[in-house]
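Engineer: Next one to model:
(2 chains)
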Amino acid sequence: MKYKSQKVAYWFFALSMLLLSLQIIYGFIMGFAHMGFDNLHSVIPFNTARAVHTNLLVVWLLSGFMGAAYYIIPEESENELVSVKLAYAQLISLAIVGVIAIVGYHFNYWEGRKFLEIPRPLDYLVVVNVLTFLGIIVTTLFKGKKRTTTSLVLTMGLVFAALLYLPGMIWFDNQTMDSFFRWWVVHLWVEGVWELIMGGILAFLLIKITGVDREVIEKWLYVIVGLTFISGILGTGHHYYYIGVGKVWLIVGGIFSALEPLAFLGMALFAIAMYRKGEKKHPNKIALSWTLGTAIVSFVGAGLLGLAHTIPQVNMYTHGTLVTAMHGHLAFWGAYAMIVLAIISYTLPNLTGRKYYDTTVGLLAFWLSNIGMLGMTVAFGVAGVAQVYLERKVGLEFGDVQKEIQVHFFILICCATMFTTGIGMFIYEFFKHGRPSDEALIK
Amino acid sequence: MLSKSQAKLFFLGGTIVTFAVFLILSWTSLSNEVPKRTHEENLTPQVVRGKQIWEANNCMGCHTILGEGAYYAPELTKVYERRGEGYIKAALMSKTPWSPRGRKMVAYGFKEEDANDVVAFLKWIGETDLNGFPPKPDLKK
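Structural biologist: So this is what the prediction gives:
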């Protein structure tokens, strides 16, 4: 690392690792419940496990993005963070709000709106937290010597993500209106501004790892984020097919959703082309695997599997079934979990000075978690298609169908075990690097 | 070949145009269509109370409504039509976990008044025009 204050990033990444572990535990609780083993029902009912699982995902990814920004912005703007103390305070308050929310979910304290379950009083604390974070990032950027495209795209993504949190805080009496604006947050995050964040981090990694000229990488970054917004904003329509708004969204959503994979395809081709073009290869093979991996798996998970059920005629049958869980798992994994693991893999040796660039455990972590997640996706897909056919075509009762597909959750749990082994190895490597150290500073 | 400033223009221009179209479409949907399709005139204080109870207990954490939520328990948009008031109230007021086909629901043990509110909410939502969702099972004998 070049700047002392970049060390803050390490602690955000450590928080990510902790929350990711917890997220996986709650995932297992749900997998077993689907298989018929709901022994924890009286303590952790399914809706608690579900809210904890998805909210932990959001918080560990955000913590990862924040860590990435705290590492990237000083380096790109050539300036120390304006306040390290404030950054630590922000980290601690993020952790506290997260813990209160998660504990609250076990005591029926929540706002039951998918993905936005954090109760209203805590929402305000989230807003304060995110504003503090943005304040530090934006001031550092504008006081710095340089304003690179990479740092601007990343910051823009973070600012828009904060702004888009607000429509989710408005109360509506009408469920359709409620749902309409909930997607402004959820969809425009994951298929919009989070892709700016992902694009920014990816561009940074490619510049560092491949040694390709910054101007070339940043030019293509603009094209990709342009494609993302052109397809993604109107692609919100695929959430509006069957919730009580007009037929126009069937056409608009259908067409623009079909374009969404192009942005991800662009991202994958971009990463591969830059890797092949690069002459000066960075020795950090693990970071390289995660970087190329995120570009490719996000195309499959978010792009192709998303397209597979956003065609209106298909979505009529798959809407609200396990097919959504299939797409959701590989999409979040490929696009966002893997980019966070990529930036962690790249920055850890720089922060700690321990160059574990090419360890067997590190590479195994990559392959086991990816193969495990692919297996889980297939299991969800098979269960989902069977559910769609039996319930929506043949007309069997929901509960009877669930019994028929229980066996697929056994396969799911087997694959999840493989995935967890991979993640366990990643976390082991994380802690093997030790703490960040000033000795790792490059003068 | 494309220059960096052209690429930037593509990004900014594309974003602004599509976002403007999105806002216009949203505005027309919400102001003209939603009130009619959701029968807003039937949105009584009782329905709103039902929605509050629905959210306070995170029903979406297991069920789906309008096809949105979790996939552990049945889709409830048309449950009023499918099961009727008595069945829904029995499930909501049960003091032991409701589990007709083995899978357990949290035993909420609601007061009759609260159960009536939730029923009113489910009845209201069942009348929404959803472009044909959920589909009729066409292979059902």
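
Engineer: give me the number of residues near residue A:52?
Structural biologist: Residues contacting residue A:52 under the criterion other C-beta atoms under 10 Å in any protein chain shown number 25. Where C-beta positions appear, they are placed from N, C-alpha and C, glycine not excepted.

Engineer: Distance of residue A:136 relative to chain B?
Structural biologist: Applying C-beta to the nearest C-beta, to the nearest Å, the value for residue A:136 to chain B is 26 Å.

Engineer: which residues are in contact with the helix or strand containing that residue?
Structural biologist: Using DSSP states H and E, residue A:136 falls within helix A:120-143. Outside helix A:120-143, the residues that touch it by C-beta atoms under 8 Å, 6 or more residues apart in numbering or on different chains are A:66, A:69-70, A:73-74, A:77, A:79-83, A:86-87, A:89-90, A:93-94, A:97, A:100-101, A:104, A:111, A:118, A:147, A:151-152, A:155, A:158-159, A:162, A:165, A:169.

Engineer: Now with 7 Å, please.
Structural biologist: The contact list for helix A:120-143, computed with C-beta atoms under 7 Å, 6 or more residues apart in numbering or on different chains, reads A:66, A:69, A:73-74, A:77, A:79, A:81-83, A:86-87, A:90, A:93-94, A:97, A:100-101, A:111, A:118, A:147, A:151, A:155, A:158-159, A:162, A:169.

Engineer: Restricted to buried residues, select those in PyMOL.
Structural biologist: Applying 16 or more other C-beta atoms under 10 Å in any protein chain shown to the contacts of helix A:120-143, the buried members can be selected in PyMOL as follows:
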select buried, chain A and resi 66+69+73+74+77+79+81+82+83+87+90+93+94+97+100+101+111+118+151+155+158+159+162+169
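
Engineer: Tell me what angle the top helix by length along chain A forms with helix A:120-143.
Structural biologist: Assignment by DSSP state H gives helix A:46-77 as the longest helix of chain A. Helix A:46-77 and helix A:120-143 are oriented at 10 degrees to each other (axes from the mean of the first three to the mean of the last three C-alpha atoms, to 10 degrees).

Engineer: Remind me what helix A:46-77 packs against, helices and strands.
Structural biologist: helix A:8-35, helix A:84-105, helix A:120-143, helix A:149-163, helix A:194-210, helix A:338-352 (3 or more C-beta pairs under 7 Å, 6 or more residues apart in numbering or on different chains; DSSP states H and E).

Engineer: Surely residue A:191 is in contact with residue A:231?
Structural biologist: No - in this structure, residue A:191 is not within contact of residue A:231 by C-beta atoms under 7 Å, at 8.3 Å.

Engineer: which residues do those two both contact?
Structural biologist: By the contact definition C-beta under 7 Å, 6+ apart, residue A:191 and residue A:231 are jointly contacted by residue A:260.

Engineer: Where does residue A:114 fall, secondary structure wise?
Structural biologist: Going by DSSP H and E, residue A:114 is not part of any helix or strand.

Engineer: what's around the closest residue to it other than its chain neighbours, how many residues?
Structural biologist: Excluding the flanking residues, the one nearest residue A:114 by C-beta to C-beta, 6 or more residues apart in numbering or on different chains is residue B:60, at 5.3 Å. By the measure other C-beta under 10 Å, the count of residues near residue B:60 is 24.

Engineer: now do residue B:16
Structural biologist: Residue B:16, neighbours per other C-beta under 10 Å, totals 11.

Engineer: In terms of helices and strands, where is it?
Structural biologist: Element membership of residue B:16 [criterion: DSSP H and E] is helix B:4-28.

Engineer: Name the residues that touch that helix?
Structural biologist: By C-beta under 7 Å, 6+ apart, helix B:4-28 touches A:215, A:218-219, A:222-223, A:225-226, A:229-230, A:233-234, A:236, A:248, A:252.

Engineer: okay, now the domains of chain B?
Structural biologist: What the record gives for chain B is the domain set B:1-37, B:41-141, from automatic domain parsing.

Engineer: Pick the most buried one from these.
Structural biologist: Sort the domains of chain B by mean neighbour count, taking mean count of other C-beta atoms under 10 Å in any protein chain shown, and domain B:41-141 sits at the top with a mean of 18.
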